[in-house]
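> predicted model follows, preceded by the sequence.
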Amino acid sequence: MSKKKAFALRINEEMLKAIEKWASDEFRSTNGQIEWILMQYLKEHNREPKKTDKKQL
């Protein structure tokens, strides 16, 4: 599992409400929905983060 980094996001109130509704409709958290939206956009534009191999200890 990749490490997550917290950061502040300023977003239009109406846009946030729409994302919260969408997240609720799909049984996701708002944060999870935003991550999903961003990953979909990255995939569509061939800019997905590269997967790194982690050594097993």
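Nice, I can see it.
> would you mark the buried spots in the lengthiest helix in the chain?
Assignment by DSSP state H gives helix 30-44 as the longest helix of the chain. Under the neighbour-count criterion of 16 or more other Cβ atoms under 10 Å, helix 30-44 has 33, 34 buried. Every residue, glycine included, has its C-beta placed from N, CA and C.
> chain center to that helix, what's the gap?
Remark: helix 30-44 is offset 4 Å from the chain centroid, using Cα atoms, centre = their mean, to the nearest Å.
> same thing with stretch 43-53?
For stretch 43-53 - counting by Cα atoms, centre = their mean - the centre lies 13 Å from the chain centre.
> now the strands for this structure?
Counting by DSSP state E, the chain has no strands at all.
> in it, where is pLDDT below threshold?
1, 53-57 (pLDDT under 70).
> go ahead and flag the most central residue of it.
By Cα atoms, centre = their mean, the chain has its centre lying nearest to residue 35, at 0.4 Å.
> could you check how far that one is from residue 42?
According to Cβ to Cβ, to the nearest Å, residue 35 and residue 42 sit 10 Å apart.
> that concludes my questions; thank you for your assistance.
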